[in-house]
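> Requesting a structural model of the entry that follows:
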Amino acid sequence: MSHRDPVNGQVQVRVRDNIRNAPFPLLNLIANTGLVSARSQDLFNLETAAVWGPLTVQAEYTANVINGARVGTGPNQGAVFFEGCYAEAMLFLTGESRTWNPKTAVLNRVQPLRPLRLKPAPDCDGRGFGAWELAVRFTYLDLNNKAVRAGRLDSATLGLNWYLNANAKLQFNYDYTQRGEVAARGHVHGFGTRCAFDF
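Model prediction:
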(Lines give C-alpha, C1' and ligand atoms only; values in the text may rest on other atoms or scores of the structure.)
Protein backbone atom coordinates (compact mmCIF):
# COMPACT_ATOMS: atom_id res chain seq x y z
CA MET A 1 0.00 0.00 0.00
CA SER A 2 1.26 3.48 -0.89
CA HIS A 3 -0.30 6.84 0.01
CA ARG A 4 0.71 9.80 -2.15
CA ASP A 5 0.14 13.52 -2.26
CA PRO A 6 -0.30 14.51 -5.93
CA VAL A 7 2.18 16.89 -7.53
CA ASN A 8 0.46 20.26 -8.01
CA GLY A 9 -2.77 18.57 -6.90
CA GLN A 10 -3.11 16.50 -10.09
CA VAL A 11 -2.84 12.82 -11.07
CA GLN A 12 -2.54 11.32 -14.55
CA VAL A 13 -2.57 7.65 -15.56
CA ARG A 14 -1.07 6.87 -18.98
CA VAL A 15 -0.45 3.54 -20.67
CA ARG A 16 1.71 2.80 -23.70
CA ASP A 17 2.01 -0.29 -25.92
CA ASN A 18 3.22 -3.51 -24.27
CA ILE A 19 5.86 -3.85 -26.99
CA ARG A 20 8.45 -1.18 -26.24
CA ASN A 21 10.45 -0.55 -29.41
CA ALA A 22 11.42 3.10 -28.99
CA PRO A 23 12.46 5.58 -26.30
CA PHE A 24 9.63 6.20 -23.83
CA PRO A 25 8.47 9.63 -25.16
CA LEU A 26 8.07 8.23 -28.70
CA LEU A 27 5.73 5.38 -27.77
CA ASN A 28 2.03 5.84 -28.54
CA LEU A 29 -0.38 6.33 -25.66
CA ILE A 30 -3.21 3.80 -25.89
CA ALA A 31 -5.01 4.92 -22.71
CA ASN A 32 -4.78 8.27 -20.93
CA THR A 33 -6.93 9.71 -18.15
CA GLY A 34 -5.62 13.22 -18.72
CA LEU A 35 -4.96 15.40 -15.69
CA VAL A 36 -7.33 14.69 -12.82
CA SER A 37 -7.39 17.10 -9.88
CA ALA A 38 -7.07 15.15 -6.65
CA ARG A 39 -6.63 15.53 -2.91
CA SER A 40 -4.62 12.31 -2.51
CA GLN A 41 -3.89 8.95 -4.13
CA ASP A 42 -3.76 5.45 -2.64
CA LEU A 43 -2.17 2.48 -4.43
CA PHE A 44 -2.73 -1.14 -3.37
CA ASN A 45 -0.64 -3.95 -4.85
CA LEU A 46 -0.56 -7.74 -4.53
CA GLU A 47 2.01 -9.91 -6.31
CA THR A 48 2.83 -13.60 -6.26
CA ALA A 49 5.04 -16.08 -8.09
CA ALA A 50 5.60 -19.83 -7.94
CA VAL A 51 7.98 -22.28 -9.58
CA TRP A 52 7.34 -25.98 -10.27
CA GLY A 53 10.35 -27.45 -12.05
CA PRO A 54 10.52 -25.84 -15.51
CA LEU A 55 7.20 -23.96 -15.02
CA THR A 56 7.04 -20.45 -13.55
CA VAL A 57 3.75 -18.63 -12.92
CA GLN A 58 3.43 -15.05 -11.79
CA ALA A 59 0.55 -12.62 -11.22
CA GLU A 60 0.04 -9.08 -9.97
CA TYR A 61 -2.96 -6.88 -9.14
CA THR A 62 -2.96 -3.11 -8.60
CA ALA A 63 -5.79 -0.87 -7.41
CA ASN A 64 -5.51 2.91 -7.76
CA VAL A 65 -7.84 5.12 -5.70
CA ILE A 66 -7.84 8.84 -6.45
CA ASN A 67 -9.51 10.73 -3.61
CA GLY A 68 -11.35 14.01 -4.16
CA ALA A 69 -11.15 13.57 -7.93
CA ARG A 70 -12.36 16.33 -10.23
CA VAL A 71 -12.18 16.39 -14.04
CA GLY A 72 -11.71 19.88 -15.43
CA THR A 73 -14.26 22.25 -13.88
CA GLY A 74 -16.75 19.45 -13.28
CA PRO A 75 -18.19 18.43 -9.92
CA ASN A 76 -16.21 16.57 -7.28
CA GLN A 77 -16.34 12.84 -8.09
CA GLY A 78 -15.29 11.68 -4.64
CA ALA A 79 -13.07 8.58 -4.85
CA VAL A 80 -12.31 7.36 -8.38
CA PHE A 81 -11.16 3.72 -8.68
CA PHE A 82 -8.97 2.17 -11.39
CA GLU A 83 -7.60 -1.38 -11.47
CA GLY A 84 -5.26 -3.56 -13.47
CA CYS A 85 -3.74 -7.03 -13.32
CA TYR A 86 -1.70 -9.57 -15.23
CA ALA A 87 -1.06 -13.30 -15.08
CA GLU A 88 1.74 -15.09 -16.89
CA ALA A 89 3.20 -18.55 -17.28
CA MET A 90 6.67 -19.46 -18.57
CA LEU A 91 7.86 -22.96 -19.42
CA PHE A 92 11.45 -24.01 -20.08
CA LEU A 93 11.68 -26.46 -22.96
CA THR A 94 15.26 -27.38 -22.06
CA GLY A 95 14.74 -28.42 -18.42
CA GLU A 96 15.93 -25.37 -16.48
CA SER A 97 14.19 -24.17 -13.31
CA ARG A 98 14.25 -20.76 -11.67
CA THR A 99 15.54 -20.47 -8.11
CA TRP A 100 14.56 -18.02 -5.35
CA ASN A 101 16.95 -15.72 -3.49
CA PRO A 102 15.56 -15.28 0.05
CA LYS A 103 18.00 -12.46 0.88
CA THR A 104 16.85 -10.17 -1.93
CA ALA A 105 13.33 -11.66 -2.33
CA VAL A 106 13.69 -12.03 -6.10
CA LEU A 107 14.09 -14.87 -8.57
CA ASN A 108 17.72 -15.52 -9.50
CA ARG A 109 18.98 -15.15 -13.03
CA VAL A 110 18.49 -18.13 -15.32
CA GLN A 111 21.44 -20.51 -15.52
CA PRO A 112 21.22 -22.54 -18.77
CA LEU A 113 22.06 -26.21 -18.28
CA ARG A 114 23.95 -26.17 -21.59
CA PRO A 115 25.10 -22.60 -22.45
CA LEU A 116 25.43 -21.75 -26.12
CA ARG A 117 28.53 -23.44 -27.49
CA LEU A 118 28.62 -24.20 -31.21
CA LYS A 119 31.98 -25.96 -31.08
CA PRO A 120 32.87 -28.60 -28.47
CA ALA A 121 35.59 -27.55 -26.05
CA PRO A 122 38.10 -29.93 -24.44
CA ASP A 123 36.73 -29.36 -20.93
CA CYS A 124 33.02 -29.52 -21.93
CA ASP A 125 30.61 -32.30 -22.82
CA GLY A 126 29.83 -31.21 -26.37
CA ARG A 127 27.82 -28.42 -27.91
CA GLY A 128 25.22 -26.33 -26.09
CA PHE A 129 22.19 -24.49 -27.40
CA GLY A 130 21.29 -22.40 -24.35
CA ALA A 131 17.93 -22.39 -22.57
CA TRP A 132 14.65 -22.01 -24.48
CA GLU A 133 11.49 -20.79 -22.80
CA LEU A 134 7.90 -20.29 -23.98
CA ALA A 135 5.78 -17.63 -22.28
CA VAL A 136 2.18 -16.40 -22.32
CA ARG A 137 0.77 -13.38 -20.52
CA PHE A 138 -2.71 -11.89 -20.13
CA THR A 139 -3.18 -8.27 -19.02
CA TYR A 140 -6.27 -6.31 -18.01
CA LEU A 141 -6.61 -2.59 -17.22
CA ASP A 142 -9.76 -0.57 -16.53
CA LEU A 143 -9.46 3.24 -16.49
CA ASN A 144 -13.21 3.91 -16.56
CA ASN A 145 -14.86 5.18 -13.41
CA LYS A 146 -17.43 7.89 -12.90
CA ALA A 147 -16.54 10.95 -15.04
CA VAL A 148 -13.16 9.51 -16.10
CA ARG A 149 -13.59 7.44 -19.28
CA ALA A 150 -10.06 6.59 -20.43
CA GLY A 151 -10.93 3.09 -21.64
CA ARG A 152 -10.37 -0.56 -20.93
CA LEU A 153 -7.46 -2.65 -22.24
CA ASP A 154 -7.35 -6.45 -22.65
CA SER A 155 -4.16 -7.90 -24.06
CA ALA A 156 -2.43 -11.22 -24.67
CA THR A 157 1.30 -11.68 -25.25
CA LEU A 158 3.12 -14.73 -26.62
CA GLY A 159 6.85 -14.92 -26.09
CA LEU A 160 9.91 -17.00 -26.83
CA ASN A 161 13.04 -16.41 -24.73
CA TRP A 162 16.46 -17.74 -25.66
CA TYR A 163 19.04 -17.57 -22.86
CA LEU A 164 22.41 -17.94 -24.57
CA ASN A 165 24.18 -18.08 -21.20
CA ALA A 166 23.70 -16.62 -17.71
CA ASN A 167 24.45 -13.11 -18.98
CA ALA A 168 22.79 -12.83 -22.40
CA LYS A 169 19.35 -13.52 -23.84
CA LEU A 170 17.20 -12.87 -26.88
CA GLN A 171 13.45 -12.25 -26.55
CA PHE A 172 10.74 -12.43 -29.20
CA ASN A 173 7.23 -11.21 -28.33
CA TYR A 174 3.92 -10.84 -30.15
CA ASP A 175 1.25 -8.76 -28.40
CA TYR A 176 -2.42 -8.22 -29.20
CA THR A 177 -4.29 -5.50 -27.32
CA GLN A 178 -7.99 -4.70 -27.58
CA ARG A 179 -8.98 -1.18 -26.59
CA GLY A 180 -12.63 -0.89 -25.64
CA GLU A 181 -15.28 1.01 -23.69
CA VAL A 182 -14.00 4.34 -25.00
CA ALA A 183 -14.81 6.47 -28.06
CA ALA A 184 -11.61 5.51 -29.93
CA ARG A 185 -11.91 1.71 -29.86
CA GLY A 186 -9.54 -0.52 -31.75
CA HIS A 187 -6.89 -3.20 -31.82
CA VAL A 188 -3.12 -2.96 -31.49
CA HIS A 189 -0.81 -5.65 -32.89
CA GLY A 190 2.86 -5.54 -31.99
CA PHE A 191 5.95 -7.66 -32.51
CA GLY A 192 9.19 -6.94 -30.71
CA THR A 193 12.63 -8.40 -30.22
CA ARG A 194 15.16 -7.61 -27.55
CA CYS A 195 18.79 -8.49 -26.98
CA ALA A 196 19.81 -8.11 -23.32
CA PHE A 197 23.16 -8.40 -21.60
CA ASP A 198 23.34 -8.54 -17.80
CA PHE A 199 26.63 -8.54 -15.89
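> can we go C-alpha only for contacts and neighbour counts from here?
OK.
> Going along the chain, name the strands of the protein.
2-4, 10-11, 14-16, 29-32, 36-37, 40-52, 55-69, 78-92, 100-101, 106-107, 131-145, 148-165, 168-180, 186-197 (DSSP state E).
> So which elements touch the first one?
Taking 3 or more CA pairs under 8 Å, 6 or more residues apart in numbering; DSSP states H and E as contact, the helices and strands that strand 2-4 lies on are strand 40-52.
> The strand it packs on pairs with which strands, parallel or anti?
Note on strand 40-52: by DSSP bridges, its sheet partners are strand 2-4 (antiparallel), strand 55-69 (antiparallel).
> for those strands, which one ends up most surrounded?
Highest mean neighbour count among these (mean count of other CA atoms under 10 Å): strand 55-69, with a mean of 18.
> Quick one: work out the angle between it and strand 131-145.
20 degrees (axes from the mean of the first three to the mean of the last three CA atoms, to 10 degrees).
> what's next to strand 55-69, contact-wise?
With contacts defined as CA atoms under 8 Å, 6 or more residues apart in numbering, strand 55-69 is touched by 11, 36-51, 76-92, 97-98.
> and these, which are buried?
Using 16 or more other CA atoms under 10 Å as the burial test, the contacts of strand 55-69 include 11, 36-41, 51, 77, 79-92, 97-98 as buried.
> do you know how far residue 108 is from residue 27?
Distance, residue 108 to residue 27, by CA to CA, to the nearest Å: 30 Å.
> ok, those two, which is more surrounded?
Using other CA atoms under 10 Å, the more surrounded residue of residue 108 and residue 27 is residue 27, with 15 against 12.
> Without its sequence neighbours, what residue ends up closest to that one?
In space, residue 27 comes closest to residue 16 once its chain neighbours are excluded; the distance is 6.3 Å by CA to CA, 6 or more residues apart in numbering.
> ok, now residue 18?
Spatial nearest neighbour of residue 18, excluding adjacent residues (CA to CA, 6+ apart): residue 175 at 7.0 Å.
> ok, now residue 41?
If the residues on either side of it in the chain are set aside, residue 41 comes closest to residue 66, at 4.6 Å by CA to CA, 6+ apart.
> What's opposite that neighbour in the beta bridge?
Beta bridges link residue 66 to residue 41, residue 80, judged by DSSP bridges.
> go on, residue 84?
On the basis of DSSP bridges, residue 84 takes part in beta bridges with residue 62, residue 141.
> Show the contacting residues for it.
Here residue 84 is in contact with 61-63, 139-142 (criterion: CA under 8 Å, 6+ apart).
> Which members of those residues are the farthest-apart pair?
63 and 139 (14.0 Å; CA to CA).
> I'd like to know which of the strands of the chain is closest to residue 113.
strand 131-145 (7.1 Å).
> Can you list the buried residues in the closest one?
Buried-residue list, strand 131-145, by 16+ other CA under 10 Å: 131-144.
> so that strand versus strand 78-92, what angle?
Angle between the axes of strand 131-145 and strand 78-92 is 170 degrees (criterion: the same axes, to 10 degrees).
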